[in-house]
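A.B. asks: Generate a structure from the sequence data that follows.
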Amino acid sequence: MPSGSLVAGFQKRPLPDDKVSKEIAFWEKNGLRHGEFVLPDQAQNIVLLEFNADSNLLALLCMDNARTEMSVLICVRSNWKWQVKQKVGPFNFAETKGIRALRWMTGRKQ
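C.D. replies: Next up is the predicted model:
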């Protein structure tokens, strides 16, 4: 369970010239918008979002438009500014039978 006070979601915002901005948007628990950040072009479609326990890392499960490859983007927050730090993958969708969940593991034994 994330310890932060934000909820994250994926949105596509229309831009001029028929372009689309892919963003991760954040809301406070009371519903007020609390910022966003634009995703790089490597993020096709976001399937899943998962905060780590400290809410300072966000994993994004992405799928390409052809639904053949998936990858995971790891985003970090520093001074309330979010950015993509690492990409893991791509993974072949057919070989993985589609990733359905992301889970952060702690250093503690469970």
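A.B. asks: For the spatially closest residue to Ala94 that is not a sequence neighbour, the count of nearby residues, please.
C.D. replies: Distances taken as C-beta to C-beta, 6 or more residues apart in numbering place Thr68 nearest to Ala94, at 7.4 Å, with adjacent residues excluded. Placement of C-beta: from N, CA and C, glycine included. Applying other C-beta atoms under 10 Å, we find 11 residues neighbouring Thr68.
A.B. asks: pretty sure Thr68 contacts Thr96?
C.D. replies: No. Using C-beta atoms under 8 Å as the test, Thr68 is too far from Thr96 to be in contact (11.1 Å).
A.B. asks: what comes into contact with stretch 25-40?
C.D. replies: Identification of contacts with stretch 25-40 by C-beta atoms under 8 Å, 6 or more residues apart in numbering yields 5-11, 21-24, 46, 60, 73, 75, 80-84.
A.B. asks: So for it, first residue to last residue, what's the gap.
C.D. replies: End-to-end span of stretch 25-40 (C-alpha to C-alpha, to the nearest Å): 14 Å.
A.B. asks: residue closest to the middle of this protein?
C.D. replies: Leu60 (2.7 Å; C-alpha atoms, centre = their mean).
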